[in-house]
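Enquirer: Pasting the sequence and the predicted model now:
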Amino acid sequence: MPKAYWVANVEVTDAEVYGSYAKIAKDAIESHGGTFVARGGRHVQCEGRDRARNVVVEFPSLDAAVACYNSDIYKEALAFSAKSSVRDVVLIEGVE
């Protein structure tokens, strides 16, 4: 089964509230086997919309990534994210 990747492009509008999102989301992600590959580091925007924060998380499978996103703990995190950021999130199955 191929690994999967959670890719988020984020513009934080309220850093304090977003910090609450990040703490809860980290717990949700790690409890579903996710590991952070990139988390807000330097980047070069080559095409499309540039957002200051980019996050990539590797999961053991697409099913695990979807289960994380749909979990009760992540839904709790989303309540903070909705109040503190504008973002795009995509879950992508990797190649075998």
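Expert: Everything's here; your move. Numbers count the residues shown, from 1 in each chain.
Enquirer: Could I get the full set of helices for the protein?
Expert: Taking DSSP state H as the criterion, the chain contains helices spanning 15-31, 62-69, 72-84.
Enquirer: Just send these back as a markdown table, with distance to Gly40 and mean pLDDT too.
Expert: Placement of C-beta: from N, CA and C, glycine included. Converted to a markdown table, the helices of the chain look like this (distance: least, CB to CB, whole Å; pLDDT from 0 to 100):
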| stretch | distance to Gly40 | mean pLDDT |
| --- | --- | --- |
| helix 15-31 | 9 | 97 |
| helix 62-69 | 19 | 98 |
| helix 72-84 | 14 | 97 |
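Enquirer: what's the closest of those to Gln45?
Expert: Across the helices of the chain, Gln45 has its closest neighbour in helix 15-31 (20.2 Å, CB to CB).
Enquirer: Please identify the buried residues of the closest one?
Expert: By neighbour count with 16 or more other CB atoms under 10 Å, helix 15-31 contains the buried residues 17-18, 20-22, 24-25, 28-29.
Enquirer: Go through the residues you listed and say which is closest to Val10.
Expert: Nearest to Val10 among these, with distances taken as CB to CB, is Tyr18, at 8.2 Å.
Enquirer: residues touching the spatially closest residue to that closest one that is not a sequence neighbour, list them.
Expert: Excluding its sequence neighbours, the residue lying closest to Tyr18 (CB to CB, 6 or more residues apart in numbering) is Ser84, at 4.0 Å. Shown in contact with Ser84 (CB atoms under 8 Å, 6 or more residues apart in numbering): 12-18, 21.
Enquirer: Now do Ser84 against Thr13, distance only.
Expert: 6 Å (CB to CB, to the nearest Å).
Enquirer: can you pull the pLDDT of the closest residue to Val55 other than its chain neighbours?
Expert: Ranked by CB to CB, 6+ apart and with sequence neighbours excluded, the top spatial neighbour of Val55 is Ala8, at 4.4 Å. Confidence at Ala8, expressed as pLDDT, is 97.
Enquirer: what is Ala8 paired to in the beta sheet?
Expert: For Ala8, the beta-bridge partners are Val55, Val89 (DSSP bridges).
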